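Chemist: Need a 3D model of the sequence below.
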Amino acid sequence: MDGLGSSIARGAVVLRMKSKSTFGLAAILVLGWASGLAAQTPAPASSDEEVKLLDRLKEPDQAGGLHFTKHWGVAFGGIKEGSGIGAGPAFSTEFANGGFMQLKAVISIRNFQLLQARYDTPRFWGDRGIVISRLRWHHAPEVKLYRLGPDSPDRHIEYDERRTELSSELAVKLRPAVRAAGGFGVERFRTSADDLSQLIDPEPLALNVPLPGLGAHPVFAHGFGSLAYDTRLSPNYTRGGQLFEAELHGYTDVEGNEDSFGRFEGGVEQYIPTHGGRGVAGVGARTWLSLTDGAFSVPFYLTPTLGGGNLLRAYPSYRFRDRHALLLMAQYRWAVHKFVDLAGTYEAGKVAPEVGELNFDNMAHSIAAGLRLHTEKAGLLRMDVAYGREGVGFRIGISAGGS
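Modeler: Numbering: from 1, shown residues only. As a prediction, this is how the structure comes out:
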């Protein structure tokens, strides 16, 4: 498993060796950040201004940006799982009618890149409804690709992915703890890999050939809907509450070259405070089911995966991939400070080509110990040292919520 030091070093080498376009994007990020700083008033900050700055840094805006000025801030991550630590400038503004806009550009230590424009309408229906629209582009130049299935060997190649998305989502709070959402988007994918038969001692990496979706250039019409009962404080930080959530997705290639397919995602979580709220015990389960009869109907880059982040954190991102997946989780956190928790986490997961094979046999297990930094309502930093059947992994993630 890669450690943090090797990840940072590898990211630095990648950043030095990439093409001029990468340096151009980096220059845009630097210039954007500098212009934001230059827009500040040159006079020394008053005590009131200092308080406002602390308030801005204490909580992210509704898109997850942490602000240094009224409009300029920093956005973290949000590119794609496996990108490594990423950050970049974000420009946000709230209109007089309550609408919200954010422009952001993020680059990671592995040279994953993101450009996004987001607009949120003013809230309506008694402050219960909102429409969120995004125009988004990301480039993931080196994504790990392992053989499909729960018994895939610990060997991989890397592929390049470019994705462009235009989408809108209507989110409605039906009750204080009940929310529903639905939307539609158009998503364009471009993927490539140098050589699927690349030799890896002692034998070739035997991927399913032809790998579903590799080299194709589909444009998917993507419809989706969700319903959730959620009493947690927030999705990435809570000291109590429960979650019951179900999502349904449908994909259709508008050019008719790829098969149509669907996906169901369901999850449950329960958090129980202990020791007067200083501790919290949590358990959860999540499943991803592909809704199609064809074994090769789902492009590999849209199949469920386990590994990395908070999905079997002892394993690298995308370590396990197939048409269906199951994940079980148990965690205990202890507050050592108002904004700092120690956490112990156990996870067990499995992927399978058929739903009937999602059982408890031959599951991959992960045991982790880590640190959580958070505000009163949102998670900021997650660090874990985890152990699984393939060794020890170190995971770090930065997030202020939003998307």
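Chemist: now stretch 100-108: how far from the chain's centre is it?
Modeler: Stretch 100-108 sits 15 Å away from the centroid of its parent chain (CA atoms, centre = their mean, to the nearest Å).
Chemist: CA atoms of that stretch as PDB?
Modeler: The C-alpha trace of stretch 100-108 is given here as PDB (Å, rounded to 0.1, in the frame of the first residue of the first chain):
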ATOM      1  CA  PHE A 100     -26.200  31.000  -5.200                       C
ATOM      2  CA  MET A 101     -23.400  30.600  -7.700                       C
ATOM      3  CA  GLN A 102     -20.000  29.000  -7.400                       C
ATOM      4  CA  LEU A 103     -17.100  28.600  -9.900                       C
ATOM      5  CA  LYS A 104     -14.200  26.400  -8.800                       C
ATOM      6  CA  ALA A 105     -11.100  24.800 -10.200                       C
ATOM      7  CA  VAL A 106      -9.400  22.000  -8.300                       C
ATOM      8  CA  ILE A 107      -6.200  20.000  -9.000                       C
ATOM      9  CA  SER A 108      -4.800  17.100  -7.000                       C
END
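Chemist: Would you mark the buried spots in that stretch?
Modeler: Neighbour-count burial for stretch 100-108 flags F100, Q102, L103, K104, A105, V106, I107, S108 (criterion: 16 or more other CB atoms under 10 Å). To be clear about C-beta, it is placed using only N, CA and C from the backbone, and glycine gets the same treatment.
Chemist: Pretty sure V340 sits against G370.
Modeler: No: counting by CB atoms under 8 Å, V340 stays clear of G370, with 11.4 Å between them.
Chemist: Of the two, which one has the most company?
Modeler: G370 (21 against 13; other CB atoms under 10 Å).
Chemist: From Y387, how far off is T238?
Modeler: In this structure, T238 and Y387 are 26 Å apart, going by CB to CB, to the nearest Å.
Chemist: So which of the two has more stuff around it?
Modeler: T238 (22 against 16).
Chemist: Was I right to think that one contacts Q270?
Modeler: No: using CB under 8 Å, T238 is not in contact with Q270; the gap is 10.7 Å.
Chemist: Of all the residues in the strand or helix carrying E247, which ones are buried?
Modeler: Taking DSSP states H and E as the criterion, E247 maps to strand 241-253. For strand 241-253, the neighbour count (16+ other CB under 10 Å) marks G241, Q242, L243, F244, E245, E247, L248, H249, G250, Y251, T252, D253 as buried.
Chemist: One more: stretch 264-276?
Modeler: Buried-residue list, stretch 264-276, by 16+ other CB under 10 Å: E265, G267, E269, Q270, Y271.
Chemist: And for the first one, nearest residue in space, chain neighbours not counted?
Modeler: Of all residues beyond its chain neighbours, the one nearest E265 is E247 (4.3 Å), with distances taken as CB to CB, 6 or more residues apart in numbering.
Chemist: Following the chain onward from the top strand by length along the chain, which element is next?
Modeler: In the chain, with assignment by DSSP state E, the single longest strand is strand 156-175. Using DSSP H and E, the helix or strand that follows strand 156-175 in sequence is strand 178-192.
Chemist: what's the average pLDDT for that next one?
Modeler: In this model, strand 178-192 has a mean pLDDT of 96.
Chemist: Next: stretch 278-289.
Modeler: 97.
Chemist: rewinding a little: between the strand holding E247 and strand 178-192, how big is the angle?
Modeler: Here strand 241-253 runs at an angle of 40 degrees relative to strand 178-192 (axes from the mean of the first three to the mean of the last three CA atoms, to 10 degrees).
Chemist: partners of strand 241-253 in the sheet?
Modeler: strand 219-230 (antiparallel), strand 261-274 (antiparallel) (DSSP bridges).
Chemist: Return the distance of the shortest one from the chain's centre.
Modeler: Meaning strand 219-230. 16 Å.
Chemist: Likewise for the longest one?
Modeler: Remark: strand 261-274 is offset 16 Å from the chain centroid, using CA atoms, centre = their mean.
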